[in-house]
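Participant: The following block contains a protein sequence and its predicted model.
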Amino acid sequence: MILGTPGATAAKNAPAKRLVIIDDDVVGLNGAPVLLLQAPDVEVLGITTTSGSVWRDTATAYALRTVEILGRTDVPVVPGATYPLHNTQELTKRWEGLYGRLEFKGPWTEPVSGGSLGTPSPSVVPSLPIGDPVTGPSREIAAAFLVRMVRAYPHQITLFATGPMTNIAIAQSLDPSFAANVKELVYMGGSLNPQQTLDTPAAAAFAREFVNTPRREFNIRWDPEAARIMAHGAWPKVTMVPVDPSTGTQWTRSFLDSLKPARTTLTETLQTGLEPGFPMWDEIAAMVWLEPSIVTRAETLYVDFDTNQTAGYGDTLSWHDAYRPHLGERAQSVVLRVDRAKLEAGMRALYMRPLPR
């Protein structure tokens, strides 16, 4: 391009892309990574992976396959924590013996009749339904990558945490200024008082997780100590997406069918690589940031997480300003309800965008 031409001037004056890092226990093509990678005004600096819904190495494989499908192998995938800071499978079993069975425990979930939810070993990576990756991950450690990138771009990076908070807690421990130098933290985690909204079998099944224990949510319960470190960080801005707004959402066959006209590798893989019925947990976190108008109810609360080895281990704690204990908890903007039609419209537009050639 010749300097001084209209095209060069437009490129020079184009607004800078918003910088993002995604920290996630990636499982499939749903979640935050695809939406943020497809957003035209966003530059994803990297995807860091952690154990949570699956072991870290499986999450890493899913992240690698995701960037391959999108034609974005320029985005580094950086493996992070395999285990929580303190919680273990043995401690979880002992806790269940005292306080009752947990609905979902990620890779610690016992196999069910006719199938297997959990993976017995962190090093075992099953064949992925969206295809196995042919590229490899970064050799850097996730927490070191997070610290390095935030130092390189102080006050410019939005950090998306849509899995357990282990990598973020380690980064904050490595560099006490880490949180303060992030522009904004957006995370999916925690639970306040979710209510079943949709009258479907899948919605009823997921409601079992919160109907008797409304303050418990998996991303936090996997590593409560890390979540508490995250909650006490000096973030300039925090947006929390708890379970609550997800109960009015659900992946459906009709939504997946609506993507077919795009005929891209992404939309075709979504048809068979995603099981309908799941709430749109992490998708809400991405879209709240990309399209804030989808939020119909939000509230400022002071948030912390219970790390006492009691029945409330991993539960979400929240207060209004007048009632908080002043023990390091910080204000967060908590998303409580979203417009499902606007959410799906925004997602559809991003999923159907052409992929890089």
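Facilitator: That came through fine.
Participant: ok, which stretches of the protein are helices?
Facilitator: Using DSSP state H, the helices of the chain run over 6-13, 32-38, 56-69, 89-99, 142-152, 166-174, 178-181, 201-207, 218-222, 224-231, 253-257, 265-273, 281-290, 340-351.
Participant: Quick check: buried residues in the fourth one?
Facilitator: Counting neighbours by 16 or more other CB atoms under 10 Å, one finds that the buried residues in helix 89-99 are Thr92, Trp95. (Glycine included, C-beta is placed from N, CA and C.)
Participant: From the rest of the structure, what touches it?
Facilitator: Contact with helix 89-99 is made by Leu102, Lys105, Trp108, Gln309, Thr310, Ala311, Tyr313, as judged by CB atoms under 8 Å, 6 or more residues apart in numbering.
Participant: What pLDDT is listed against the closest residue to Trp281 other than its chain neighbours?
Facilitator: Spatial nearest neighbour of Trp281, chain neighbours left out: Ser246 (4.9 Å); criterion: CB to CB, 6 or more residues apart in numbering. On pLDDT, Ser246 comes in at 98.
Participant: In contact with Ser246, which residues?
Facilitator: Pro194, Pro279, Met280, Trp281, Ile284.
Participant: With mean pLDDT as extra columns, can I get the helices of the chain in TSV?
Facilitator: Formatted as TSV, these follow (pLDDT from 0 to 100):
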stretch	mean pLDDT
helix 6-13	49
helix 32-38	98
helix 56-69	98
helix 89-99	97
helix 142-152	98
helix 166-174	98
helix 178-181	98
helix 201-207	96
helix 218-222	98
helix 224-231	98
helix 253-257	97
helix 265-273	94
helix 281-290	98
helix 340-351	98
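Participant: Between those helices, which one is closest to Leu327.
Facilitator: helix 224-231 (10.4 Å; CB to CB).
Participant: Other residues contacting stretch 346-357?
Facilitator: 34-35, 38-40, 70-72, 255, 258-259, 261-262, 264-267, 270, 280, 283, 287, 290-291, 294.
Participant: For it, measure first residue to last.
Facilitator: With CA to CA, to the nearest Å applied, stretch 346-357 spans 23 Å between its terminal residues.
Participant: Check stretch 267-287 too.
Facilitator: End-to-end distance (CA to CA), stretch 267-287: 18 Å.
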